[in-house]
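[1] Sequence first, predicted model second:
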Amino acid sequence: MKLVLFGVCAVVASGCGAATAPVAGVQSVSGSEFASESGSESGSVTHSATSRALRADSTFGDIARVARELDQAGAGSSNASCLLRTSSSPSLEADLMLAISPLPNPWNDFTRFNEAHGAIRVLTRWGQAGPEIYDAAIAAFTATPPVALDAAAAVVFLADDRAYVRLSSGAVSDAHKRSVALGTLTQAVRAVAPSNLAVVYLTATASTSLAHIHAALEQLGALEISVAFAVPLAPDTHLPARLVDASSEPAGDLCTNGIDVEESAPEGDLPPSGIQSVLRSAQPSLTACFTDNAREAAGGARYEVQLLVDARGHVERACVRQENVRDRALRSCVLNAVRALVFQAPQPSGSVLLELPFAFQATAASMSAPLCGDH
């Protein structure tokens, strides 16, 4: 039976193959799975339930509190393209993307990092990054562009005018485990981070002032990479296991050699316009697959999907022949969506073997500046 190859189907908001910007999605994580350490909050913020306003004497505890209240009020979205405004009317301008809701309070003290210099586990709405054995874990609460979960990340623990720099990928050396002055933070990050550093997560003690946070963000801005706010999680926090278990695969989901079809099977035909119409109708479910399930594939994925359409137009079998990233949850959802497709009955009557390349791409959003323009 001949194999019908179809052009790349880009999973974008306006339909299969359209030339508009693709949709990026996030994976929600329930805060009920986590137990977190409480820290103090200064209470210096004066705002309504959905206000982003801060005061000149605000602290990181206030920033976390504002973020939590905005999220609970459903007002976390922002198009400001910056994290923090520190002018005469300071405010949290970031687009919020809480890894845990409700957001835990910041810690009161970081002295444990005088000795602890191992890897940091990072929890984001895109999934978890970092090794299974780690010294501490953090939960991001502002948006970052979706990147592969194994991308290099640095974590800055700010305690007033001093900062500890750690990595998600592994321990820093003894020479770099001590805190550094804020004025040297840019150099400190460059000294310990790999050249392919993709993002820096900034967290601080609850009492760290807005002035010190401003100074740290000013330093991190010189790196010209994404910066996000985060809070540390209590040492005894139990993080859920990674959702993708590479040790086993559902039977029939992968087919490196393609679908085996009997040579004597009647061969039908489907017009390209009919195939395109069905794929266009599947756009919402395929987009939902990416927005709701992508973890390891958060930065994008490509699948070569082979499917056998029977004489009624129903998908008899479907499997992934090739994939450029292992993300079992996304793959399974894509296959379920493909198996639910219904084509017109092939003419002449018979089976049709199709191969469809699906390209999933997250929004290529511009990088948010750490500080807003009028600081």
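    Noted; the coordinates are in hand.

[2] pLDDT weak spots in the stretch 201-350 of the chain?
    240-251, 292-296, 298-299 (pLDDT under 70).

[3] which stretches of it form strands?
    Here the stretch 201-350 of the chain has its strands, by DSSP state E, counting those that start in this stretch, at 226-232, 301-309, 315-323.

[4] Neighbouring strands of the shortest one in the sheet, and parallel or not?
    Read it as strand 226-232. Applying DSSP bridges to the sheet, strand 226-232 is found paired with strand 136-140 (antiparallel), strand 197-204 (parallel).

[5] could you give the mean pLDDT of the first one?
    When pLDDT is averaged along strand 136-140, the result is 94.

[6] Just the residues contacting the helix or strand following it, thanks.
    Sequence order places strand 152-159 as the next helix or strand after strand 136-140, per DSSP states H and E. Here strand 152-159 makes contact (C-beta atoms under 8 Å, 6 or more residues apart in numbering) with 60, 109-110, 113, 120, 122, 129-130, 138, 163-169, 179, 182, 185, 189, 192-194, 196-205, 208, 212-213, 216, 220, 230, 232. Where C-beta positions appear, they are placed from N, C-alpha and C, glycine not excepted.

[7] Paired strands for strand 152-159, with orientation please.
    strand 162-167 (antiparallel), strand 197-204 (parallel).

[8] helix, strand or coil for the closest residue in space to Val309 that isn't next to it in sequence?
    Distances taken as C-beta to C-beta, 6 or more residues apart in numbering place Val352 nearest to Val309, at 4.4 Å, with adjacent residues excluded. Here Val352 is recorded as strand under DSSP: H, G, I helix; E, B strand; the rest coil.

[9] Verify the stated contact: Val352 with Gly268.
    Yes - counting by C-beta atoms under 8 Å, Gly268 is a contact partner of Val352 at 5.1 Å.

[10] who touches both of those two?
    Val309, Pro346.

[11] wait, what's in contact with Phe110?
    Applying C-beta under 8 Å, 6+ apart to Phe110 gives the contacts Phe157, Ala159, Tyr164, Thr205.

[12] Ala99 now?
    Neighbouring residues of Ala99 by C-beta under 8 Å, 6+ apart: Val29, Leu123, Thr124, Arg125, Ala139, Ala140, Phe141.

[13] so Gly127 bridges to which residues?
    Applying DSSP bridges to Gly127 gives these bridge partners: Thr124.

[14] mind listing the helices in the stretch 51-200 of the chain by residue range?
    Along the stretch 51-200 of the chain, counting by DSSP state H, counting those that start in this stretch, helices occupy 60-72, 185-192.
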